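**Student:** My questions are about this predicted structure, shown below with the sequence.
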Amino acid sequence: MTHFCRSRRLLGVTLALAVTTSLAGCGVVAAPVRGTSAVVKIVPVAGDVVAAPLDVTADIID
């Protein structure tokens, strides 16, 4: 009986992980671009100009 419960639990965890990964895949890819954009925006004069294409790229990925 415990073997059946363990395999059932493993199947549930695997399915939950697969669904979570498929739904959050784009956000994971866009996160480094968004992080770089946030860091670049700190630069006083050219930050917003350089960050604009990065923001557009991250929006397209999402």
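**Tutor:** Everything's here; your move.
**Student:** Tell me which residue lies nearest the centroid of the protein.
**Tutor:** V28 (1.8 Å; Cα atoms, centre = their mean).
**Student:** Excluding covalently adjacent residues, which one is nearest to G27?
**Tutor:** D62 (6.7 Å; Cβ to Cβ, 6 or more residues apart in numbering). The way it works is simple: take the backbone N, C-alpha and C, and place the C-beta from them, glycine included.
**Student:** mind listing what V33 touches?
**Tutor:** The contact partners of V33, taken as Cβ atoms under 8 Å, 6 or more residues apart in numbering, are L54, T57, A58, I61.
**Student:** Now it: closest residue in space, sequence neighbours ignored.
**Tutor:** When the adjacent residues along the chain are set aside, V33 lies closest to A58, with 4.3 Å between them (Cβ to Cβ, 6+ apart).
**Student:** And for D55?
**Tutor:** Spatial nearest neighbour of D55, chain neighbours left out: S37 (5.4 Å); criterion: Cβ to Cβ, 6+ apart.
**Student:** what about that neighbour, neighbour count?
**Tutor:** When neighbours are counted by other Cβ atoms under 10 Å, S37 registers 21.
**Student:** Distance of it relative to G27?
**Tutor:** Between S37 and G27 the computed distance is 14 Å (Cβ to Cβ, to the nearest Å).
**Student:** likewise G12?
**Tutor:** Using Cβ to Cβ, one obtains 23 Å as the distance from G12 to G27.
**Student:** circling back to that earlier point, got the contact list for the residue nearest to the centre of the chain?
**Tutor:** By Cβ under 8 Å, 6+ apart, V28 has no neighbours at all.
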